[in-house]
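Q: with the sequence up front, the predicted model follows.
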Amino acid sequence: MGTLASVVAVGLFLDPNTAFGAEGTVRHAVYNVASIVTTTGYASTDYVQWAPAAKHMLFMGMFIGGMVGSTTCSIKSLRWLVALKSFRRNPFTAIHPEAVRPVRISEKPIDEDAIRDIYAYLLLSLVIFFLLTVVIVVDAERGNLRVTEFEALGAAATTFLNIGPAFGDAGPYGTFATFPMSTRAVMIVLMWIGRIEIIPVLVLFTRAFWTS
Amino acid sequence: MSWGVNWKASVGLLGVGIKYLAVTMLVPLIVALAYGEDIWVFLVSMALVAGVGFAVERVDPDPDLGPREALLFVSLAWLAAAAIGTVPYLIAGYNTASTVGLQTGSFGAFTESIANALFESMSGFTTTGATVLGEISTDRHSHAVMMWRQLTQWLGGMGIIVLMIAILPEVAVNGAQLMESEAPGPELQKLTPKIAETARALWLIYFGFTVVYIVLLYGLHRAGMAPNMDLYNAIAHGFTTLPTGGFSPEADSVAAFSAAVQWVVIPFMAVAGVNFALFWHVLRGEAEVMLENAEFRAYAGAIAVVTALLAVLLFRGAAPVTELGGATQGVAENSLRQAAFQIVSLLNSTGYATADFVEWDTDVQILLMFAMFIGGSAGSTGGGVKIVRWLIVGKAIRRELFTSAHPDVVQPIRLSGSVVDEDAIRGIMSFTILYIVLFGVSAVVLSLDTARIGIQLTMLESTSASLATIGNIGPGFGRLGPFGSYLFFPDTSKLLMIFLMWIGRLEIVPVLAVFISAIDTR
């Protein structure tokens, strides 16, 4: 996370319009990245004004999330860690197909079923996030509201991952009130699904859940 | 220090391949003769490449490949092909205004010209279709060089390794392992007991489609329905449609041709995204294999649904009247043609265009980007994530929901009636996530790196640059549109995109395996 903050600092320096000075740059970068990554949603400055590259960095930060068992939301660092460790295993098993090498976190091997669950969870959240973006853009277009694709991506991520502020009109000092009511209704559902980590809600929509 | 990998064997075999790449330069040489252009460019290139080939071959005259050597060989072969492909560009444009010609004026100009030539060549062989050529026309660059650019895509389409297996017995020995690493899609269907015969069958089908297509295009020209589609253009587009390539010697891409030509191009682009093994079954009179294939049905369905959606949006006025492409609002034929063309082209990673879609509405562009994520079929020449992976991911997620309600039930995943192996499912899911992660991280890196030299990319530009190169698609949005260029990126960004095209074509694992086993040899 520290590295991420520093990259935002680099991104900030690139923009001639935001002259915070060295201390200010570091403070704003660390503050806002920490706020976004941990899904807090505070802001120490209106980052909507930042250079696009720095905003892209913040947007990426939205997907990281805090730790399991903390009060944060989003995808959670542990899931990414397990996923990355099992990616590292892939090329190894491509070379040695018979080898069995468990993925370990803090020395403990992770159950293969758990890895599969994590994969499914990651893919499901990315797919839902992307579909939500499409819905927001199309719905806003219908309501004659011009959202840029970046604002739409930000709004989708921030509601589904329970962060708070996004970019554009929905920035830290802005409001979601400009979105059409239908879009906001979809966002409400997605906040609900996102907070309880997707599966419990989606299960309700399968026939297998209601039949014995 | 001892190496865990017998790299000499991989490199030695590489020499054989390089030698034969020199032979393929006969095609542009013939074009140069036909147009009375400078033939020395290609004579010198051939001599140079053949010389390198013979020299590299001597590293190990009798190569013997294990699994690791095979992965190394496949990764290196595509890198070497891209490097060899730069030779005609560099020589032909030597110290001229050409963006891909070798510049020796200053060190900065020198490195930039190398990066540009490598970008163009990698984009060719990996059938991406992103270009840094600047002005695309046969006035600026010779007909022969432009034909070489088209030919690189045709060679890369069905796969240079598959071609080597088909014609070189010394490569066919390790054929199965090599083809597994190169072929798009999670698993290889062996059609015949001998792998060399499978490779030959696939290349013959590919060759057959290309010939039929060229004849049709040229036929339209002779029938007076396609004034611009002369023999040169017919062959040039024949070389880049079946491999889902997307290069065109015309600056206006397929928009330069009549509606009749565009209607012919659409089905052939669609064919390029189908698993070629299915055509083999059709030729043997087993058409039901194709019709019952779950991936083929999903591919056809995806194209139909997204095209219909886009056609309706265009008909209702989601696009302004553009110079290329014309009016679509209220014009049924043009709406359907523009929708079908753009969707087929972007969905299976071809990258042709008949309209400047960067001028369309935002919601339509998001729809196009959605199509870019889908990809072609396994065993086709298309790039992207591939339909079969999405099918299996979808089924795995549905099973996840089912088992969270019924934890004790064991439920295998079936595709076209047969059970999919659990290891394969895990591999597919991790590939898909890795693909998305690499795409996302690269988009941010590209955005930061171009900001470094003072150019601010929009989100749609940076994400589409990343997606269009890792998915081997070609055009993106904004300045990277179908009639735009990747020329303005800094050299470092170009190198990153060259890397993305490379690992995107080989589907990540072979290249990562080489890097990771270099770190932990055990």
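A: Good, I have the coordinates.
Q: could you pull out the helices for the stretch 51-200 of chain B?
A: B:67-92, B:107-125, B:143-158, B:160-167, B:169-172, B:175-182, B:195-222 (DSSP state H, counting those that start in this stretch).
Q: what helices and strands are in contact with the second one?
A: In this structure, helix B:107-125 packs against helix B:67-92, helix B:143-158, helix B:491-505, with contacts taken as 3 or more CB pairs under 8 Å, 6 or more residues apart in numbering or on different chains; DSSP states H and E. Using the backbone N, CA and C atoms, a C-beta is placed for each residue, glycine as well.
Q: out of those helices, the one nearest chain A is which?
A: Shortest distance between chain A and these, using CB to the nearest CB, is found for helix B:67-92: 5.2 Å.
Q: how about the closest one, does it get close to chain A?
A: Yes - using CB under 8 Å from any CB of the partner chain, helix B:67-92 reaches chain A at B:67, B:68, B:71.
Q: coming back round to it: mean neighbour count, the helices of the stretch 51-200 of chain B: which tops it?
A: Of all the helices of the stretch 51-200 of chain B, helix B:143-158 carries the top mean neighbour count, a mean of 26, counting by mean count of other CB atoms under 10 Å in any protein chain shown.
Q: for that helix, packing partners?
A: When contacts are defined as 3+ CB pairs under 8 Å, 6+ apart, helix B:143-158 sits against helix B:7-24, helix B:26-34, helix B:40-57, helix B:67-92, helix B:107-125, helix B:195-222, helix B:231-241.
Q: could you give me the average pLDDT of that helix?
A: Over the span of helix B:143-158, the pLDDT mean works out to 92.
Q: restrict that helix to CA atoms and write it as CSV.
A: C-alpha atoms of helix B:143-158 as CSV (Å, rounded to 0.1, in the frame of the first residue of the first chain):
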residue,chain,number,x,y,z
HIS,B,143,4.0,-2.0,-52.1
ALA,B,144,6.5,-4.6,-51.1
VAL,B,145,7.0,-3.4,-47.6
MET,B,146,3.3,-3.0,-47.1
MET,B,147,2.8,-6.6,-48.3
TRP,B,148,5.4,-7.8,-45.8
ARG,B,149,3.4,-6.1,-43.1
GLN,B,150,0.3,-8.0,-44.2
LEU,B,151,2.2,-11.3,-44.5
THR,B,152,3.5,-11.1,-40.9
GLN,B,153,-0.1,-11.3,-39.8
TRP,B,154,-0.9,-14.3,-42.0
LEU,B,155,2.2,-16.2,-40.7
GLY,B,156,1.3,-15.4,-37.1
GLY,B,157,-2.4,-16.2,-37.5
MET,B,158,-2.5,-20.0,-37.4
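Q: what's the angle between that helix and helix B:26-34?
A: Per axes from the mean of the first three to the mean of the last three CA atoms, to 10 degrees, the angle that helix B:143-158 makes with helix B:26-34 is 160 degrees.
Q: put the alpha carbons of stretch B:444-457 into PDB.
A: In PDB, the C-alpha atoms belonging to stretch B:444-457 read as follows (Å, rounded to 0.1, in the frame of the first residue of the first chain):
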ATOM      1  CA  VAL B 444      -2.300   2.500 -15.100                       C
ATOM      2  CA  VAL B 445       1.400   2.100 -16.000                       C
ATOM      3  CA  LEU B 446       0.700   3.300 -19.500                       C
ATOM      4  CA  SER B 447      -1.200   6.200 -18.100                       C
ATOM      5  CA  LEU B 448       1.600   7.200 -15.700                       C
ATOM      6  CA  ASP B 449       4.300   6.600 -18.300                       C
ATOM      7  CA  THR B 450       2.700   8.900 -20.900                       C
ATOM      8  CA  ALA B 451       2.000  11.500 -18.300                       C
ATOM      9  CA  ARG B 452       5.800  11.400 -17.600                       C
ATOM     10  CA  ILE B 453       6.400  12.900 -21.100                       C
ATOM     11  CA  GLY B 454       3.500  15.400 -20.700                       C
ATOM     12  CA  ILE B 455       0.600  13.600 -22.500                       C
ATOM     13  CA  GLN B 456      -2.500  12.900 -20.500                       C
ATOM     14  CA  LEU B 457      -4.500   9.900 -21.600                       C
END
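Q: alright, calling it a day.
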